[in-house]
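Visitor: need a 3D model of the following:
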Amino acid sequence: MDSPLGAGDGARRALGHALRADGTAAAPTSSGALQVSLVAGRSSVTALSASTPLALLNPQNHGHGAWVYQSSHGGGWVGRDAVALEVQVDAGATLFLSSQAASKAYRGADSRFSLTGSVADGALVSWPEPVTCFRDAALLQTQRLALHPGASLLLVDALTAGRSARGERWAFSRYESRLHITVGDRPVLTDSVLLAPRHGPLAPRLACDATCLVVAVGPAFSGLASAEPGVSQWPWGWVLRCTAPSVESLQQHLRALLQRPVAHHLGDDPVSRRF
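Guide: Next up is the predicted model:
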């Protein structure tokens, strides 16, 4: 964990392992690498690289955590995009990782996104905007996060029904999400979601317009579990899965639950700048 990132090598390896539904390898169209270290008492981005269409933005803030936002020159995933990001958080450092806008998979896309992260004795808050898949789009999202036993993680993974106002409610062709978290050498959580109309039309079976998975690992956000009914608690942390009738109501619920503790931990409030 202490060695610097090597020009996105891990991200390219992650792309190489991304497979399509037919078993063929996804072309490595874009990769990024990011390292955050503690420098003079503040978390600083000490390595950063990205290839088009992926862009990584590192705005300044008044806290002690580093903020990085993922962006796309094309506005989202198109065609057979395969985007991979490797993140390393060094000892004592804190990273808030988000996205500049909703992560869109455009019509006809058959795309892949992978996040590979390692967190030493520090903290990672991964809270991107919700994923939105247009009609007939397919997206596979894979997240693999390896934590030091003293590290903390707060992960928010949200999905919308799509462009409901345009009659595209749950009209995508396939959405698959895979999450793997280890603490030390021990796997603590493997979560998989597959939504595909070949198993039956989605819209009649899903009354919600937004769904979300929230995962907390380690000491930094352990106290939040008592504030939310429906949380599943484990010795390593807690898990919450929730649905909402609209994207707006989901965002309001997440802000009520997470905004204040996230701002307290970072020393500044990135959430208030997003809404």
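Visitor: rest of the way, CA atoms for contacts and neighbours
Guide: OK.
Visitor: quick check: D191 touching L179?
Guide: Yes: if you go by CA atoms under 8 Å, D191 and L179 touch, sitting 5.1 Å apart.
Visitor: neighbour count winner among these two?
Guide: Shown here are D191 and L179; by other CA atoms under 10 Å, L179 has more neighbours (17 against 11).
Visitor: any idea what the more buried one is bridged to?
Guide: Q143, D191 (DSSP bridges).
Visitor: mind checking how far H199 is from G223?
Guide: 39 Å (CA to CA, to the nearest Å).
Visitor: who has more neighbours, the two?
Guide: G223 (12 against 8).
Visitor: over to that one. Which of the three states is it?
Guide: Under DSSP: H, G, I helix; E, B strand; the rest coil, the three-state class of G223 is helix.
Visitor: look at it and report its pLDDT.
Guide: For G223, the pLDDT comes out at 87.
Visitor: so what's the residue count around E129?
Guide: Counted with other CA under 10 Å, E129 comes out at 20.
Visitor: enumerate every residue touching it.
Guide: 98-103, 158 (CA atoms under 8 Å, 6 or more residues apart in numbering).
Visitor: out of the residues you listed, who's the most crowded?
Guide: A158 (23 neighbours).
Visitor: so where's the stretch 1-150 of the chain shaky on pLDDT?
Guide: The stretch 1-150 of the chain contains residues with pLDDT under 70 at 1-28.
Visitor: equivalent analysis for the stretch 151-275 of the chain, please.
Guide: 273-275.
Visitor: where do the helices sit along it?
Guide: Assigned by DSSP state H, counting those that start in this stretch, the stretch 151-275 of the chain shows helices spanning 247-254, 260-266.
Visitor: what's the closest of those helices to T46?
Guide: Ranking these by proximity to T46 (CA to CA) places helix 260-266 first, at 17.9 Å.
Visitor: convert that closest one to PDB, retaining C-alpha atoms only.
Guide: Provided in PDB are the C-alpha atoms of helix 260-266 (Å, rounded to 0.1, in the frame of the first residue of the first chain):
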ATOM      1  CA  ARG A 260     -23.200  16.200   8.600                       C
ATOM      2  CA  PRO A 261     -20.900  13.300   9.600                       C
ATOM      3  CA  VAL A 262     -19.100  13.400   6.300                       C
ATOM      4  CA  ALA A 263     -18.500  17.100   6.600                       C
ATOM      5  CA  HIS A 264     -17.300  16.600  10.200                       C
ATOM      6  CA  HIS A 265     -14.900  13.900   9.100                       C
ATOM      7  CA  LEU A 266     -13.600  15.900   6.100                       C
END
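Visitor: check which residues of that helix are buried.
Guide: 261-263, 265-266 (16 or more other CA atoms under 10 Å).
Visitor: likewise stretch 192-202?
Guide: 195-196, 202.
Visitor: end-to-end on it?
Guide: So stretch 192-202: terminal residues 17 Å apart, CA to CA.
Visitor: from the rest of the structure, what touches that stretch?
Guide: 170-179.
Visitor: let's see that with 10 Å instead.
Guide: Applying CA atoms under 10 Å, 6 or more residues apart in numbering, the contact partners of stretch 192-202 are 138, 140-142, 161, 169-180, 203.
Visitor: for stretch 252-265, same thing?
Guide: Against stretch 252-265 from outside (CA under 10 Å, 6+ apart): 63-65, 94, 96, 123, 125, 154, 156, 212, 214, 220-221, 223-225, 227-228, 242, 244, 247-251, 266-272, 275.
Visitor: among the residues you listed, which ones are buried?
Guide: 63-65, 94, 96, 123, 125, 154, 156, 212, 214, 220-221, 225, 242, 244, 247, 250-251, 266, 268-270.
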